[in-house]
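>>> let me see the structure of the following:
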Amino acid sequence: MSFRATVLTLYPEMFPGALGLSLAGRALEAGAWSLEPVQIRDFAADRHRTVDDSPAGGGAGMVMRADVLARAIDHASPQGDPRPRLLMSPRGRPLTQAGVRELAAGPGAVILCGRFEGVDQRVIEARGLEEVSVGDFILSGGEPAALVLLDAVVRLLPGVMGNAASGDEESFESGLLEHPQYTRPQVFEGLQIPEVLTSGNHARIARWRREQAERLTAERRPDLLAAKEAATTTG
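From the prediction side, this is the model:
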């Protein structure tokens, strides 16, 4: 069974977007995964196709209505659908490579893209939406975040990457940032490829790459090292 993604959005024309190109696009064309954008406005009850209203208690902006979203979710994910229901939200749990791998191993996902000031909390609770964040920043809507999530997942699906081992040493796979990469020419503007990488000594190369990954992680993401050490201690 291929990975099946359904995206609930006010802007279905944003999909597949970049997901229709390169690895993800070829995999989509080959049927390794499928993508169905659903227009949320189709589930509005009035002739103006209204999907939002002013926030209870007052305040700026608008909030997406629970009743409209519930109808859209029920249409996209009827009872018995095994796929997780996700809401792209800056207050959600951070998306990690481990979470991406978990999604890639499953049947797919139903992804709700919020807009305006957010989504009525009642539909989040009533429909069991899991809030997911792609970073500590605010986007104009959930669509770019959904594209990021799906790109990360699709590349891990069987057969999408030409060499399945390509992802084994990438950043976050081992809890570290990836080591520096080099290729020809041997000398570029006076800078040479590190000698160890052309030595043919695979043990030395592996050790150097590990040391470089640890160095970069310590410099740029010490939080990853702290988490890795804590996991080792508790494990």
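
>>> so who does the most centrally placed residue in the chain touch?
Centroid check for the chain by CA atoms, centre = their mean gives Leu149 as the closest residue, at 1.8 Å. The contact partners of Leu149, by CB atoms under 8 Å, 6 or more residues apart in numbering, come to 86, 88, 95, 100, 103, 109, 111, 132, 134. (C-beta placed from N, C-alpha, C; glycine too.)

>>> same question for Gln212.
179-180.

>>> can I get stretch 141-157 in PDB, CA atoms only?
Provided in PDB are the C-alpha atoms of stretch 141-157 (Å, rounded to 0.1, in the frame of the first residue of the first chain):
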ATOM      1  CA  GLY A 141      -0.600  29.400   6.900                       C
ATOM      2  CA  GLY A 142      -0.100  25.700   7.400                       C
ATOM      3  CA  GLU A 143       0.500  25.000   3.700                       C
ATOM      4  CA  PRO A 144       4.300  25.600   3.600                       C
ATOM      5  CA  ALA A 145       4.700  23.600   6.700                       C
ATOM      6  CA  ALA A 146       2.700  20.700   5.200                       C
ATOM      7  CA  LEU A 147       4.900  20.800   2.100                       C
ATOM      8  CA  VAL A 148       8.000  20.600   4.400                       C
ATOM      9  CA  LEU A 149       6.600  17.700   6.400                       C
ATOM     10  CA  LEU A 150       5.600  15.700   3.200                       C
ATOM     11  CA  ASP A 151       8.900  16.300   1.500                       C
ATOM     12  CA  ALA A 152      10.700  14.900   4.600                       C
ATOM     13  CA  VAL A 153       8.500  11.900   4.700                       C
ATOM     14  CA  VAL A 154       8.300  11.100   1.000                       C
ATOM     15  CA  ARG A 155      12.000  10.900   0.500                       C
ATOM     16  CA  LEU A 156      12.100   8.000   3.000                       C
ATOM     17  CA  LEU A 157       9.500   5.900   1.300                       C
END
